[in-house]
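Q: Next comes the sequence, and after it the predicted model I'd like to discuss.
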Amino acid sequence: MAISVQNFIKLANFYNQMLTTMSAICVEKGGINMENYVGRFFVADVLEYIVEYGRRLNESQKVPADVARVMKIFQQRFESVKDLVTPTEKPIYEMTLEEFEKLMNI
C-alpha cells in the first residue's frame, strides 16, 4: 500500500467503524465494558498500525493540518492502550528479562 493521506483517512474511517461495531457487540453481549471485551487487543493492534502509518506519512510528505490533528488524537488514544498490543515476536533467548516478564505477564 502506497503511503498517502487518502489511505490514512481510509484507515482512520475503518478504525472508527470498528469501534462502533465493538460497542454494539458489547451491548449485545449484555452490556459488558469495552475494557473487558476480548477484541480490545485487536483494536489496540490496529491503532498501533494506524499510528505508525501516520508517523511514516508525516515523515514522507506534508500532511494537511486537519489530518495532523487526527494523527495526534490517534497517538493519544494509543498511549492509553499500548500495553494491550500484541508483542513483537522475538525468540525468548533474545529477550531481555523485562521483555520476557512482560510476555509472560509476570
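A: Received, thanks. Fair warning: this is a prediction, and the values are worked out from it, not measured in the lab. Numbers count the residues shown, from 1 in each chain.

Q: Do you know the pLDDT at the residue nearest to Pro87 when sequence neighbours are not counted?
A: Nearest in space to Pro87, with sequence neighbours left out and distances taken as CB to CB, 6 or more residues apart in numbering, is Leu103 at 5.5 Å. All C-beta spots, glycine's among them, are computed from the backbone N, C-alpha and C. Each residue has a pLDDT score; the one for Leu103 is 71.

Q: Would you quantify the distance from Leu103 to Phe14?
A: Computed with CB to CB, to the nearest Å, the distance linking Leu103 and Phe14 is 28 Å.

Q: From the structure, what's the count of residues near Val67?
A: A count of neighbours around Val67, defined by other CB atoms under 10 Å, yields 17.

Q: go on, the one 3 residues further on?
A: The tally of other residues near Val70 (other CB under 10 Å) stands at 16.

Q: Would you quantify the distance from the nearest residue to it once chain neighbours are set aside to Ala44?
A: The shortest distance from Val70 to any residue other than its chain neighbours is 5.8 Å, reached at Ala12 (CB to CB, 6+ apart). Using CB to CB, Ala12 is found at 16 Å from Ala44.

Q: The longest helix belonging to the chain: how far from the chain's middle?
A: Of all segments of type helix in the chain, defined using DSSP state H, the longest is helix 5-28. The chain centre lies 11 Å from the centre of helix 5-28; the measure is CA atoms, centre = their mean, to the nearest Å.

Q: Other residues contacting whichever helix or strand comes after that helix?
A: Once helix 5-28 ends, the next helix or strand along the chain (criterion: DSSP states H and E) is helix 40-60. Contacting residues not belonging to helix 40-60 are listed as 3-5, 7-8, 11-12, 14-15, 18-19, 22, 34, 63, 68, 70-71, 74-75, 77-78, 81-82, 84-86 [CB atoms under 8 Å, 6 or more residues apart in numbering].
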